[in-house]
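Undergrad: A structural model of the following input is requested.
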Amino acid sequence: MFLKENPTSNDLASAKRKISKKYKTPCPNNINLLKVYHSLIKSKSYEENPVIENLLKIRPIRSLSGVINVSILTKPFYCPGKCTFCPKEENIPKSYLSGEPAVERAKRLKYDPYIQVKKRIELLESTGHNAEKIDLRVIGGTWSSYNSKYQIWFIKECFNACNEVPYKKEPYSSKTVKELFEELEKAQKFNESAKYRIIGISFETRPDFVTNKEVLEMRKLGATKIEIGVQSIYNDVLKKTKRGHDVDATIKATKLLKNAGFKVSYQIMLNLPKSNKERDLKMFKEIFSKEEFKPDYLKIYPCALIKTAELYKDYKKGLYKPYTEKELIELIKEIKKEVPYYTRIERIIRDIPAPLIVEGGAKTSNLRQIIDREIKKEGWSCKCIRCREIRDQKQDAEIKMFRENYLAQLGSEIFLSFEDNKRKHLYSMLRLRIPNDKKMAFIREVHTYGESKKINQTGTVQHKGLGKALIKEAERIIEKEYGVKKIAVISGVGVRDYYRKQGYELENFYMVKYL
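TA: You can find the predicted model right below:
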């Protein structure tokens, strides 16, 4: 064997060069090597070897947060918004553009949800990733503006793809909502024990579309997280950009979603008209200090100026000026200092192709990596969840449970976590909410980090009981400290069995336990 003990990716590259030279063949790529490896495993000619699997994995970071993210696009559809910063392109969902990876995949597959999910699973597995735990992200603009039949059919097809049900293209318009929902429920039930389990679903929507009825409909579909296009918390900015809602809509939506147990992600845009660097920084300070906001997740999108957006006209008139890359980097570093331990910064820039962005705007796709390098040189650390995830690092000698209490949307929030003593490495976490009426408590999220492992496979961090310990502590807190006897988990369909083993039962689309 050409590889030494505990080999690195550099050792693998060296071994491939030696083999290529010895046999006078082109240097083999990792995807082809993985195919051969899997065929040998299937024929029982070779035993599974985690070292080889990790070495051959393409972009290992994709599965180092404990799950696999699968993003799929809805069909192009009318968007109710008239935002001046939003680009438009024919036959593509509004705000999305050709050249973005997810868009190109969806276009090629005619926006078919079943095929998008199936092909994504195939690609992930062919590049060495375990796709048994899928966090499904449905993108394409305002989910809530699509009709009910399309919504139910779309999600049902995603479940069918994960359930490995044979593909059957059929019109959904001829069926009733009741018929479609019955089919969805069967697909969800099947997914509880399927190989590829959907452990979470997120939708994108506008704050003004979040109503009690819509919250219930999204939950029935299996949603666990909602991304709301907040963009700004200042009414003059929202009015100038023709956003179509005010900040009160964001406050109301956040409260409705959290009181239903959802995780809430804010999409915030920097560099909008009527704002500036000082005001953008002030906005983030308010987001994390005022009880009306305090999101669980955050996407920071510098305004990318595109020629097809109405804002481009103001730019041509000299009425709008994009931040320089240097200004953006300095601003985002200051913003990162405001982000608390309980929030995860999911993204810092969109995957918009650089040639589409007007000169002067942010075109650097690896902006996050540049910022992280500068932070490291400056000798400080970002506290956000993503920056502290354990990933593939070795476990610390000691880990302990931390607890943070904070008030948000007229309720008590408790963030429990297992971390190292210095809070640099995050292993597992739980979000607990007790609304002010104290009728019941919600576990809004339980997540153990580290490399994604198969459902029953023990990993470095996963499947070692950390999540169970956090659940037990959450149950103790609500019963002993708050006197609440009912607890509900906004569980993904594919995780229902996990909660059944903890004494929870399915009730009105939640996993519920009476203490």
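Undergrad: my guess is Met148 meets Glu217, correct?
TA: Wrong residue type there; residue 148 is Ser, not Met. Yes - Ser148 is within contact range of Glu217, at 7.2 Å (criterion: Cβ atoms under 8 Å). Heads up, the C-betas are built off the backbone N, CA and C, glycines and all.
Undergrad: So between the two, which is more surrounded?
TA: Glu217 (15 against 12; other Cβ atoms under 10 Å).
Undergrad: how near is that one to Ser491?
TA: Note on Glu217: its distance to Ser491, by Cβ to Cβ, to the nearest Å, is 18 Å.
Undergrad: got it, and Lys307?
TA: 44 Å.
Undergrad: and those two? which has more neighbours close in?
TA: Ser491 (25 against 13).
Undergrad: The more buried one looks like it's in a helix, true?
TA: No - applying DSSP: H, G, I helix; E, B strand; the rest coil, one finds Ser491 to be coil, outside a helix.
Undergrad: got a list of what it touches?
TA: Ser491 is in contact with Thr224, Tyr498, Tyr499, Tyr504, Tyr510, Met511, counting by Cβ atoms under 8 Å, 6 or more residues apart in numbering.
Undergrad: next one: Glu398
TA: Per Cβ under 8 Å, 6+ apart, neighbours of Glu398: Asp420, Asn421.
Undergrad: Could you pull up the residues touching Gln267?
TA: Counted by Cβ under 8 Å, 6+ apart, Gln267 has contacts Glu204, Glu227, Ile228, Gly229, Val230, Gln231, Lys299, Tyr301.
Undergrad: now the strands for the stretch 301-450 of the chain?
TA: 344-347, 399-407, 411-420, 426-435, 441-448 (DSSP state E, counting those that start in this stretch).
Undergrad: Would you format those as a markdown table with mean neighbour count and distance to Glu185 included?
TA: Shown next, in a markdown table, are the strands of the stretch 301-450 of the chain (neighbours: other Cβ atoms under 10 Å; distance: least, Cβ to Cβ, whole Å):
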| stretch | mean neighbour count | distance to Glu185 |
| --- | --- | --- |
| strand 344-347 | 19 | 30 |
| strand 399-407 | 13 | 36 |
| strand 411-420 | 20 | 30 |
| strand 426-435 | 24 | 27 |
| strand 441-448 | 24 | 22 |
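Undergrad: for those strands, which one sits closest to Leu466?
TA: Nearest to Leu466, of all the strands of the stretch 301-450 of the chain, is strand 426-435, at 3.8 Å by Cβ to Cβ.
Undergrad: Let's see that closest one as PDB, backbone CA atoms only.
TA: Extracted in PDB, the C-alpha atoms of strand 426-435 (Å, rounded to 0.1, in the frame of the first residue of the first chain):
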ATOM      1  CA  LEU A 426     -19.500  23.200  20.300                       C
ATOM      2  CA  TYR A 427     -20.600  19.600  20.500                       C
ATOM      3  CA  SER A 428     -24.300  19.600  20.900                       C
ATOM      4  CA  MET A 429     -27.100  22.100  21.600                       C
ATOM      5  CA  LEU A 430     -30.800  22.500  22.400                       C
ATOM      6  CA  ARG A 431     -33.200  25.400  22.100                       C
ATOM      7  CA  LEU A 432     -36.000  25.500  24.700                       C
ATOM      8  CA  ARG A 433     -38.900  28.000  24.600                       C
ATOM      9  CA  ILE A 434     -41.500  28.600  27.300                       C
ATOM     10  CA  PRO A 435     -44.100  31.100  26.100                       C
END
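Undergrad: That strand - contacts with which helices or strands?
TA: Secondary-structure packing of strand 426-435 (3 or more Cβ pairs under 8 Å, 6 or more residues apart in numbering; DSSP states H and E): helix 385-388, strand 411-420, strand 441-448, helix 466-476.
Undergrad: Which neighbouring elements make contact with the third one?
TA: Right, the one you point to is strand 441-448. Using 3+ Cβ pairs under 8 Å, 6+ apart, strand 441-448 sits against strand 426-435, helix 466-476, strand 486-489.
Undergrad: Please convert the ones you listed to TSV, extending it with distance to Phe181 and mean pLDDT.
TA: Formatted as TSV, the helices and strands packed on strand 441-448 follow (distance: least, Cβ to Cβ, whole Å; pLDDT from 0 to 100):
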stretch	distance to Phe181	mean pLDDT
strand 426-435	28	97
helix 466-476	30	97
strand 486-489	21	98
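Undergrad: Looking at the ones you listed, spot the one closest to Leu407.
TA: strand 426-435 (10.5 Å).
Undergrad: how far off strand 411-420 does the closest one point, in degrees?
TA: Put simply, strand 426-435 runs at 170 degrees to strand 411-420, going by axes from the mean of the first three to the mean of the last three Cα atoms, to 10 degrees.
Undergrad: picking up where we left off before, the contacts of Ser491: which two are farthest apart?
TA: Greatest spacing in those, by Cβ to Cβ: Thr224 and Tyr504 (14.9 Å).
Undergrad: For these two, indicate the residue with more neighbours.
TA: More crowded of Thr224 and Tyr504, by other Cβ under 10 Å: Thr224, with 25 against 21.
Undergrad: Am I right that that one is in contact with Met218?
TA: No - here Thr224 does not reach Met218: they are 9.4 Å apart, not a contact under Cβ under 8 Å.
Undergrad: and for those two, which residues touch both?
TA: Common neighbours of Thr224 and Met218, counting by Cβ under 8 Å, 6+ apart, are Phe262.
Undergrad: how close does Lys282 get to Gln267?
TA: Distance of Lys282 to Gln267, given as Cβ to Cβ: 18 Å.
Undergrad: hang on, I meant Lys424
TA: 28 Å.
Undergrad: In contact with Asp112, which residues?
TA: Counting by Cβ under 8 Å, 6+ apart, Asp112 makes contact with Glu157, Lys169.
Undergrad: Kindly list the main-chain dihedrals of it?
TA: The phi/psi pair for Asp112 (degrees, to the nearest 10) reads phi -80, psi 120.
Undergrad: From Lys195, how far off is it?
TA: Applying Cβ to Cβ to Asp112 and Lys195 gives a distance of 21 Å.
Undergrad: can you check Ile399 too?
TA: 31 Å.
Undergrad: re earlier: now tabulate the strands of the stretch 301-450 of the chain in a markdown table and tack on distance to Ile68.
TA: Shown next, in a markdown table, are these (distance: least, Cβ to Cβ, whole Å):
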| stretch | distance to Ile68 |
| --- | --- |
| strand 344-347 | 15 |
| strand 399-407 | 25 |
| strand 411-420 | 22 |
| strand 426-435 | 18 |
| strand 441-448 | 13 |
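Undergrad: before we move on, the earlier item: what's the closest of the helices and strands packed on strand 426-435 to Asn160?
TA: Nearest of these (Cβ to Cβ): strand 441-448, 26.1 Å.
Undergrad: What strand or helix carries Lys299?
TA: Assigned by DSSP states H and E, Lys299 belongs to strand 297-302.
Undergrad: Who are the packing partners of that strand?
TA: Strand 297-302 sits against strand 225-231, strand 263-270, helix 325-336, strand 344-347, with contacts defined as 3+ Cβ pairs under 8 Å, 6+ apart.
Undergrad: Including distance to Ala106 and mean pLDDT, could the ones you listed go into CSV?
TA: Listed next are the helices and strands packed on strand 297-302 as CSV, based on distance: least, Cβ to Cβ, whole Å; pLDDT from 0 to 100:
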stretch, distance to Ala106, mean pLDDT
strand 225-231, 17, 97
strand 263-270, 19, 97
helix 325-336, 28, 95
strand 344-347, 18, 96
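Undergrad: Does Ile443 touch Ile487 like I think?
TA: Yes - counting by Cβ under 8 Å, Ile487 is a contact partner of Ile443 at 6.5 Å.
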